[in-house]
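> Got a predicted model here, sequence first, then my questions.
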Amino acid sequence: MTHLTTDATTDTSTTPAAERPAATARHGERSGFAELPDLMRLMTGDEKHGPAATSTLDALWVLYDRVLRVSPGTATAPGRDRFLLSKGHGPMAYYAVLAAKGFFPVSWLAGFGSYDSPLGHHPDRMLVPGAEIGSGSLGHGLPLAVGTALGLRAQGRPGPAVWVLIGDAELDEGSNHEALAYAAAAGLDRLHTLVIDNSSATHGWPGGIASRFTAAGWSAATVDGRDHEALYTAFSAPHPGRPHAVIARVEPKDD
């Protein structure tokens, strides 16, 4: 396991990827990471955003397998952790992980994107068990996560963690910069932002994405987005009094 400290200079993204866990379950049971590509292949259609989905696969698995305190049985419980998918235009990995964890039947995946399927090209929280928001329009997830964290604080619920997954290109959106600045000033230490960096951003940031967060008062770490142990270490790093960002670097998106 790579030792990690949470500051702008932390960067373990060049560490060789850790060995991934083998699948031990069949369809209809709790699936393992190695089954996820097979689950994703069940979803077909010309409109799917393949790179947007595959870039998130490892990070989503580590979150749902080892970090998030939410399950099919607690998906509506007040004390659950909240996960918000802002990068909603490529939801296949998200759907595969939710199916693998039993939030809905694996058989739903084959209907992905069809007229009568609950699994649309953008997730709908009213149709997808376990989904916290409807998403796909970029730049909304982090502001919604800030509002969620504030709402939990107002309700006197300090336990639930709030996680939001955004793409690096979403940081081109002004709404995210406002939310990013406010979250640290408000001391939202139950807020976590996972940035999937596949080099899609138009503008970038001097010193890298992590420096944008630390400049605003966040804790931040940059890791290899395919290395499960590095991801888990970054996800579970302490950050008292500050929100936390993890930048997961993956292979650049092909044009």
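Perfect, I can see it now. Residues are numbered from 1 along each chain as shown.

> Give me the residue at the spatial middle of this structure.
The residue lying closest to the centre of the chain (CA atoms, centre = their mean) is residue 165, at 3.3 Å.

> Am I right that that one falls within a strand?
Yes: assigned with DSSP: H, G, I helix; E, B strand; the rest coil, residue 165 falls within a strand.

> can you give me the helices in the stretch 1-150 of the chain?
Remark: helices assigned in the stretch 1-150 of the chain by DSSP state H, counting those that start in this stretch are 36-41, 50-54, 57-62, 92-100, 141-154.

> Relative to residue 253, which of the ones you listed is closest?
helix 50-54 (4.8 Å; CB to CB). Using the backbone N, CA and C atoms, a C-beta is placed for each residue, glycine as well.

> just how off-centre is the closest one within its chain?
Relative to the centre of its chain, helix 50-54 is centred 13 Å away, using CA atoms, centre = their mean, to the nearest Å.

> ditto for stretch 80-94
Distance, stretch centre to chain centre, for stretch 80-94: 6 Å (CA atoms, centre = their mean).

> and the end-to-end length of that stretch?
Start-to-end span of stretch 80-94 (CA to CA, to the nearest Å) is 18 Å.

> one step back: nearest spatial neighbour of the residue nearest to the centre of the chain, chain-adjacent residues omitted?
Closest residue to residue 165 apart from its sequence neighbours, by CB to CB, 6 or more residues apart in numbering: residue 194 at 4.6 Å.

> residues contacting that neighbour?
The contact partners of residue 194, taken as CB atoms under 8 Å, 6 or more residues apart in numbering, are 59, 63, 163-166, 235, 245-246, 248.

> Out of those, the closest to residue 229 would be?
For the contacts of residue 194, the closest approach to residue 229 (CB to CB) belongs to residue 235, at 10.6 Å.

> From what I see, the closest one and residue 192 are in contact.
Yes: using CB atoms under 8 Å, residue 235 is in contact with residue 192, at 7.5 Å.

> intersection of neighbour lists for the two?
Contact with both residue 235 and residue 192 is made by residues residue 246, according to CB under 8 Å, 6+ apart.

> Adjacent strands (with direction) for whichever helix or strand the residue nearest to residue 165 is part of?
Under the criterion of DSSP states H and E, residue 194 resides in strand 191-197. Strand 191-197 has its sheet partners listed here by DSSP bridges as strand 162-167 (parallel), strand 244-249 (parallel).

> want to throw these into CSV with mean pLDDT and distance to residue 92?
Compiled in CSV, the strands paired with strand 191-197 are given as follows (pLDDT from 0 to 100; distance: least, CB to CB, whole Å):
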stretch, mean pLDDT, distance to residue 92
strand 162-167, 96, 14
strand 244-249, 97, 17
